[in-house]
Structure formats: structure tokens, C-alpha cells
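K.L.:
Fold the following, please.
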Amino acid sequence: MSRDGEDRRPRGASASEKPGSGDDGDSDNRSILVSNIPAAMNDDKVMIHFQRLSNGGGDVRKVTRLSPSQAKVVFEDVKVIEKVTARKQETDGVTLQVKSWPSFLGWALEMDRHKKFNCVQQEHPNPGKRYTGTSRRAYLPDNVEGREVLRLLRRAFDSRLVFTIGTSATTGATDTVVWNDIHHKTSKYGGPNSYGYPDPDYLRRVKEELAAKGIK
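P.N.:
I've put the predicted structure just below:
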């Protein structure tokens, strides 16, 4: 979008990805994702459970609660991961779901974050009116299907289909850059309610959303 109305992507719009990038990338290979944690099992109890040798555990560096029933457990020794994931983990009759911490692709999106430009495109609701920019980071699984979706999202971004100008559903701000009906995961955890994972059907859904905009 430009001041003269020429059909081109605005200055300041950019997209990039960093394989495996995240909040704790250096410790991810020593981490597990624990789900189905019972309400009575606090972080200390989670730590004690996974330090027990009878559970295949070892020294735990930290426990990070992701949701009431989900936590990230970081061990001191990477060799512990294979042991704890190979065993059935039970506590008070409840089976904990344990798997290696998933690797994600960081998908950085930025559109007119630093400056305001006039919105003069016909397809936007208020041609000629100023709008505020945004920057976002989204995540995809670092696997074959995740990389396929990343390729499609880059095409959608370059085709100016990822963002549009509208009213923010979160802040209520008008004339700002918002998502354009292609859903992104802006968190690595917390499930669909937190725009994160796990969400087993997400990649299929987002490919359908992309296909509806001609990106296949």
C-alpha cells in the first residue's frame, strides 16, 4: 500500500522465519511437555515426580506451568528425556501424557510497525485514511507439514493476503492492521483458547483457509 495508490506491498512489511526459535531454545532439547496433569498436582509435585529414578527421571532444572493441566519440565541431562518418555507415567491413578518438547518454526511478521501510511487501496474500508501498523510472531511445528504451511504462508504474505486494515478484535482499535482470516498460532502452548498448541487439526484448517484465498 502506498501514498500514490500503486498496488505494491508497503515499505516496512517483512517476513522471516527462524527454525527452532523460541523462548528457551537452548533448553528445549532437555525438555518434555507434560499434559493431563491433575488439579492437585502443583509444580513442586511435578518436579518430585520427574526426579524419581523409578519414573526414569533425573535432576530437574525447572518446571514451567503452561496451563492448569500442562507443564514444561526442563532436565539437567538430555539423556533423561528418552527414559521418561519411554515409561508410563502415573500419579494417583492418573496417566500423565509425556512427550519430548516439540520443535517449532518461528514465523515473524511485520507490517508498517514504525510508520503510518495512507491506506488508499480500494479493497480496504477507508481509502486515504491513516492506519497503525503491527508486528506478530507465529509458530508452526518444525516438521514436513509445518514447513509446507510455512511456504504457503510466505506466499500469502507476499501476495498481501495475511493482513488487512480493520478493527482489532482484541483492543477495539480502528483503522489498524489485523489478521485477514488466515489463522496463526501466536503461542507455542495453551491450546486453541490461547492461540497455541496442542491443536491437532490446525494445519489442515489453515491450509483450507489458504486455499480459499488461492494459495495452494
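
K.L.:
Against which helices or strands is the host helix or strand of Glu148 packed?
P.N.:
Taking DSSP states H and E as the criterion, Glu148 maps to helix 144-158. When contacts are defined as 3 or more Cβ pairs under 8 Å, 6 or more residues apart in numbering; DSSP states H and E, helix 144-158 packs onto strand 14-19, strand 104-111, strand 134-141, helix 202-212. (C-beta placed from N, C-alpha, C; glycine too.)

K.L.:
The last one vs helix 144-158, what angle?
P.N.:
An angle of 30 degrees separates the directions of helix 202-212 and helix 144-158 when computed by axes from the mean of the first three to the mean of the last three Cα atoms, to 10 degrees.

K.L.:
ditto for the third one
P.N.:
For strand 134-141 against helix 144-158, the angle by the same axes, to 10 degrees is 160 degrees.

K.L.:
weakest of the helices and strands packed on helix 144-158 by average pLDDT?
P.N.:
Lowest mean pLDDT of these: strand 14-19, a mean of 51.

K.L.:
in this protein, which spans are helices?
P.N.:
Along the chain, counting by DSSP state H, helices occupy 43-51, 79-86, 144-158, 202-212.

K.L.:
send the alpha carbons of stretch 37-49 over as CSV?
P.N.:
Below are the C-alpha coordinates for stretch 37-49, written out as CSV (Å, rounded to 0.1, in the frame of the first residue of the first chain):
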residue,chain,number,x,y,z
ILE,A,37,-1.8,-33.1,35.0
PRO,A,38,-4.4,-33.5,37.8
ALA,A,39,-5.5,-30.3,39.6
ALA,A,40,-4.0,-31.4,42.9
MET,A,41,-0.5,-31.8,41.3
ASN,A,42,1.3,-28.5,41.8
ASP,A,43,4.7,-27.6,40.3
ASP,A,44,6.6,-29.0,43.3
LYS,A,45,4.8,-32.3,42.9
VAL,A,46,5.5,-32.3,39.2
MET,A,47,9.2,-31.8,39.9
ILE,A,48,9.4,-34.5,42.5
HIS,A,49,7.6,-37.0,40.2
